[in-house]
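Got a predicted structure here, sequence first:
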Protein chains: 2
Amino acid sequence: MSDKLSYVAQGLLDVVPPIMHFIREEMRRQSAGANALSIPQFRCLAFLRRNPGAAVTKVAVHQGITKATASDIVERLVQQGLVNRQIDPTERRRHRLTLTPAGDQVLDDARKATREQVKAVLNRLSPAELVTLADALPLLTSAFQEVLPPNL
Amino acid sequence: MSDKLSYVAQGLLDVVPPIMHFIREEMRRQSAGANALSIPQFRCLAFLRRNPGAAVTKVAVHQGITKATASDIVERLVQQGLVNRQIDPTERRRHRLTLTPAGDQVLDDARKATREQVKAVLNRLSPAELVTLADALPLLTSAFQEVLPPNL
DNA sequence: TATTGTTATACTCTATAACTATA
DNA sequence: TATAGTTATAGAGTATAACAATA
């Protein structure tokens, strides 16, 4: 029992960092130059698309980072013209964050390009193997979702 | 066909970053303070354990980073007393990198502690679900191994 | 000339602590 | 007092470019 658990755990620790590295590289290459997006920026944009008008603290909780870090990330996105930041009239301490049209576009492009690269890699697998993966990924999501911030 | 591929690719893009974040957080918490290890440092130590005497360029290629970055990472590990760096007598441009006993110990501790945390998360899954994961992880490894540097 | 490694410079992510403004 | 957000400071990872030493 504990053996299988250990095996899977170690497997995750072995395979996740390199895949993460691959994703990061692809996002850097794809959106190289002008509209380069980092992973945290990407996740921030994706979060804001799903939660328009969210505040900085919400972004921080979602990413599992501090308010200070979230504030920095948002600041850079605002400077790049990808995020709109307005004071909430009903709670003037709070900011309402939304995607600009440019932010929406950049997010779409980055997401699409990166997904194509990942697809090219996964294309090496057989249909049956893809099914196994398709079954496994939701399990990871459900296992980690209670430990991680909501709205992956 | 392409639908399943897209689904799995997007699933990976959704689930990998948060898991990576979890791993990073745990490694930071576990080895907090004195012997704190970052993921790149961790991977560097693990690589040097498997490839004692490797040169800086080998580390760079393995991690998919530049020589400059690898040099920085190694430098910090040397300063922490975790890695030994000696000029290769037969090729004086090259450095022979090895783990110190302390580096070996720290690597073991970090690996063990982080794996325990991941196990605790995976413990939410049923035995059957664990089997699915155990089947899936090697598929990811094989799919990405040709795109990524060797010796994950 | 080509290769190994370091240094210089710059940017992003990250944290903690201190701060401002608002409630 | 408590909360939302920013700023200050510091350290790590990352890249490119320039460099020194060696081959």
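Ah, there it is. Numbering: from 1, shown residues only, chains lettered A, B, ... in the order given.

Give me the distance between A:Ile65 and A:Ser71.
According to CB to CB, to the nearest Å, A:Ile65 and A:Ser71 sit 10 Å apart. In short, each C-beta sits where N, CA and C put it, glycine included.

out of those two, which sits in the more crowded spot?
The neighbour count for A:Ile65 versus A:Ser71, taken as other CB atoms under 10 Å in any protein chain shown, is higher for A:Ile65 (20 against 15).

Can you give me every residue that contacts the spatially most central residue of chain A?
Closest residue to the average C-alpha location of chain A: A:Arg43 at 3.1 Å, with CA atoms, centre = their mean. A:Arg43 sits next to A:62-63, B:17 when contact means CB atoms under 8 Å, 6 or more residues apart in numbering or on different chains.

One more pass at 7 Å, please.
A:63, B:17 (CB atoms under 7 Å, 6 or more residues apart in numbering or on different chains).

Helix or strand next in line after the helix or strand it falls within, which one?
According to DSSP states H and E, A:Arg43 maps onto helix A:39-50. Counting by DSSP H and E, the next helix or strand C-terminal to helix A:39-50 is helix A:56-63.

so what secondary structure elements neighbour that next one?
Using 3 or more CB pairs under 7 Å, 6 or more residues apart in numbering or on different chains; DSSP states H and E as the contact test, the elements touching helix A:56-63 are helix A:39-50, helix A:67-79, strand A:95-99.

could you give me the average pLDDT of it?
Averaging pLDDT along helix A:56-63 yields 95.

Does that helix reach DNA strand D?
Yes: on the criterion CB under 7 Å from any atom of the strand, helix A:56-63 is in touch with DNA strand D at A:56-58.

Could I get the buried residue list for stretch A:112-131?
A:114-115, A:117-119, A:121-122, A:125, A:129-130 (16 or more other CB atoms under 10 Å in any protein chain shown).

no wait, stretch A:56-75
Across stretch A:56-75, burial judged by 16+ other CB under 10 Å covers A:56, A:58-63, A:65, A:70, A:73-74.

and A:Met9, how many neighbours does it have?
In this structure residue A:9 is Ala, not Met. Number of residues near A:Ala9 (other CB under 10 Å) recorded here: 23.

low-confidence ranges in chain A?
Across chain A, residues meeting the criterion (pLDDT under 70) sit at A:1-2, A:31-35, A:148-152.

do the longest helix seen in it and DNA strand C meet at all?
Across chain A, the longest stretch assigned as helix under DSSP state H is helix A:2-30. No: for helix A:2-30, no contact with DNA strand C is found by CB under 7 Å from any atom of the strand; the gap never falls below 9.9 Å.

what about that helix, distance to the chain center?
Distance, stretch centre to chain centre, for helix A:2-30: 15 Å (CA atoms, centre = their mean, to the nearest Å).

Show me what that helix is packed against.
helix A:39-50, helix A:101-122, helix B:2-30, helix B:101-122, helix B:127-145.

Next, the buried residues of the longest one.
Looking back up the chat, that one is helix B:2-30. B:5, B:8-13, B:15-27, B:30.

quick one: it near DNA strand D?
No: using CB under 7 Å from any atom of the strand, we find that helix B:2-30 stays clear of DNA strand D, coming within 9.8 Å at best.

tell me the angle of that helix relative to helix B:127-145?
Inter-element angle recorded for helix B:2-30 and helix B:127-145: 100 degrees (by axes from the mean of the first three to the mean of the last three CA atoms, to 10 degrees).

tell me the angle of helix B:2-30 relative to helix A:39-50?
Using the same axes, to 10 degrees, helix B:2-30 lies at 120 degrees relative to helix A:39-50.

Contacts only, for the closest residue to A:Lys67 other than its chain neighbours.
Nearest residue to A:Lys67, sequence neighbours excluded (CB to CB, 6 or more residues apart in numbering or on different chains): A:Ala60, at 4.9 Å. Shown in contact with A:Ala60 (CB under 7 Å, 6+ apart): A:66-67, A:70.

And A:Gly103, by the same measure?
Applying CB under 7 Å, 6+ apart, one finds that A:Gly103 lies in contact with A:45, A:77, A:82-83.

swap the cut-off to 10 Å and go again
A:35, A:41, A:44-45, A:48-49, A:77-78, A:80-84 (CB atoms under 10 Å, 6 or more residues apart in numbering or on different chains).
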